[in-house]
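[1] Below are the sequence and a predicted model for it; my questions follow.
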Amino acid sequence: MRLFIDIFTFFVGPTLLAYLLIRLSLIKWFKVRVVKDALILLFVAYVAFVLFIVWFDRSIPTDYLLFNLVPFYTLYEYFSRGFNHIAVVNILGNLIMTLPFGMFAYFKINVIPKLNIFWYSLCIPIIIELGQLVIYMSGYGMRSVDIDDIILNSAGILIGYFIVNSCFKRFHWNQERILRWIY
């Protein structure tokens, strides 16, 4: 619980404040759309939270970079050695952490606009892992760089997108009408 308070106080809160100040300064040029602005504000908070977790949260310091460039190697190790707490947290954490990227993408709220969902689901995890590499190389942090994280994060984004898509189809919601209402 303390971690979430720290994340909000020192990272998400200031990020939201900066976004609100920028948004208020642009109010003359861009019409206020309450639902759209609320979704974007929620998205900004979510992205700030994810960036803190994957780039700035404390980790085990080592003198060398922990990396895996062999697809499915880490997952294979988890399955072959038996699932433990770390395996479950890593797999579910990577999937669940990126679900909202896919959900927001369905409503056209993206970090990288104009990419189809497949390319978007590849680009976001690659940016996350490259950021971890840059932070390690700069000496400011220690995170592992793992191709399996890219695979799991991509799967999480796609699952999030298709959950929302399935809800729209299941409940016969009209995506275009809802997008017009938002925008």
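    Cool, the structure landed.

[2] So the residue of the chain most remote from its centre: helix, strand or coil?
    Seen from the C-alpha centroid of the chain, the residue lying at the greatest distance (C-alpha atoms, centre = their mean) is residue 28, 30.7 Å away. Using DSSP: H, G, I helix; E, B strand; the rest coil, the structure places residue 28 in coil.

[3] Phi first, then psi, for it.
    phi -70, psi -30 (degrees, to the nearest 10).

[4] If you average the pLDDT over stretch 117-133, what comes out?
    The predicted model gives stretch 117-133 an average pLDDT of 95.

[5] Determine how far that stretch lies from the middle of the whole chain.
    9 Å (C-alpha atoms, centre = their mean, to the nearest Å).

[6] Need the nearest residue in space to the most centrally placed residue in the chain, chain neighbours excluded.
    The centre of the chain sits closest to residue 98, judged by C-alpha atoms, centre = their mean, with a distance of 4.3 Å. For residue 98, ignoring the flanking residues on the chain, the nearest one in space by C-beta to C-beta, 6 or more residues apart in numbering is residue 156 at 3.5 Å. C-beta: built from backbone N, CA, C; applies to glycine.

[7] Buried residues, the helix or strand where the one you found lies. List them.
    Element membership of residue 156 [criterion: DSSP states H and E] is helix 147-170. Residues of helix 147-170 classed as buried by neighbour count (16 or more other C-beta atoms under 10 Å): 147-161, 164.

[8] by contact count, what packs against that helix?
    helix 73-81, helix 85-106, helix 117-138 (3 or more C-beta pairs under 8 Å, 6 or more residues apart in numbering; DSSP states H and E).
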